[in-house]
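Asks: Give me coordinates for this.
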Amino acid sequence: MSQANPSLRLFVTQPYRPLAKPTNAQAYPKLTIVTPSYNQAPYLERTILSVLNQHYPNLEYFIMDGGSTDGSLDIIKKYEPYLAGWVSEKDKGQTDAINKGFRLATGDYVAFQNSDDVFAPNALLCVADAWRKAPDTDVFFGDMYITDEEDVILEEMRAPDFSVECHIYEGMQVFNQSLFIRRERLIQFGMLDESLRFVIDYEIVARLGVQPGMRFRHVNGFWGGFRVQPDAKSSTIAATVGLQEHQMVRDRYQPMLTSALGASFWQRYSRLRKLLTFILKGEFGYVRHRLRLNRSRH
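Replies: Numbers count the residues shown, from 1 in each chain. Sure thing, here's the model as predicted:
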């Protein structure tokens, strides 16, 4: 990629400078963010800065480290004054670490951002704006960038409005890098499934999605960035553990769907729905790009 390509680099590397404590913090929903981490020193500081540089007035931020030995603790301690809390101790893996943070949370909405991924500028303010327009929403989600190891944007991933049938039959319809869940819904329906290693976001969205009356709201705009890097689980276990867990979650929640239509219909409908969604929004360049990508993969 050339230097002309858009990048999140400046935002996720600019030094954090605290602002004066806001007097109107309660006008914003309290957002709790949890970052699980284990030996991710090359990326961790950029994740932290992508949270703190939001300058969000009502933020609670936890870092749950699994006992890193690569210099991560020095990075965490550098930002300790701005954290709601952190630990560094042996855990049972990523999902266990996130749940530990969620159990400490006091926010109205919770999110997790892995230690090699980032938030995009103004993401948290966009959540607050969406909440003011629809405060009864249970799950907010936005769009996502895919970046390389140096924060250059490689790809845009735009999401349509939520459909639990499309989510279960086609695959992930919501990106965890841009996902905020009402905390009381996790208390009501349970934390992340610690038996899973790869599809924890797919599972919790499916579990919430099949609950009657659950209110999902997609908000246009890029809230997060997923980093492509050699040690990410998407690069190491997606084709093995990921596929097995995906099928297991699908089998678990498919019987809870109210639609009598089967997988073949919903898979075709999901693809058509995305196409029509972006055409109707006038995003023709994005549609052409995605169609070219799909053709190149077959």
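Asks: Which strand or helix spans Val127?
Replies: Per DSSP states H and E, Val127 falls inside helix 123-133.
Asks: Which helix or strand lies directly C-terminal to that helix?
Replies: Following helix 123-133 in sequence, per DSSP H and E, is strand 139-147.
Asks: Show me what the helix holding Val127 is in contact with.
Replies: 28-29, 31, 54, 56, 59, 108-109, 137, 140, 142, 178, 180, 217, 219, 221-224 (CB atoms under 8 Å, 6 or more residues apart in numbering). Quick note: C-beta positions are derived from backbone N, CA and C, even for glycine.
Asks: Any stretches of the protein with poor pLDDT?
Replies: Counting by pLDDT under 70, the chain contains low-confidence ranges at 1-5, 232-236, 297-298.
Asks: Who are the contact partners of His34?
Replies: Careful, residue 34 is Val and not His. The contact partners of Val34, taken as CB under 8 Å, 6+ apart, are 61-64, 97-98, 101-102, 105, 110-113.
Asks: Can you say which helix or strand has it in it?
Replies: strand 31-37.
Asks: What residues sit buried inside the next helix or strand after that strand?
Replies: Sequence order places helix 41-52 as the next helix or strand after strand 31-37, per DSSP H and E. With burial defined by 16 or more other CB atoms under 10 Å, the residues of helix 41-52 counted as buried are 41, 43-52.
Asks: tell me what helix 41-52 is packed against?
Replies: helix 9-13, strand 31-37, strand 59-65, helix 72-78, strand 118-119 (3 or more CB pairs under 8 Å, 6 or more residues apart in numbering; DSSP states H and E).
Asks: now with 7 Å?
Replies: Applying 3 or more CB pairs under 7 Å, 6 or more residues apart in numbering; DSSP states H and E, one finds that helix 41-52 makes contact with helix 9-13, strand 31-37, helix 72-78, strand 118-119.
Asks: can you confirm Gly67 is in a strand?
Replies: No: going by DSSP: H, G, I helix; E, B strand; the rest coil, the assignment for Gly67 is coil, not a strand.
Asks: Tell me, how many residues neighbour Arg268?
Replies: 12 (other CB atoms under 10 Å).
Asks: what's the helix or strand for it?
Replies: helix 263-280.
Asks: ok, residues contacting that helix?
Replies: 158, 160, 165-166, 169-170, 286-287 (CB atoms under 7 Å, 6 or more residues apart in numbering).
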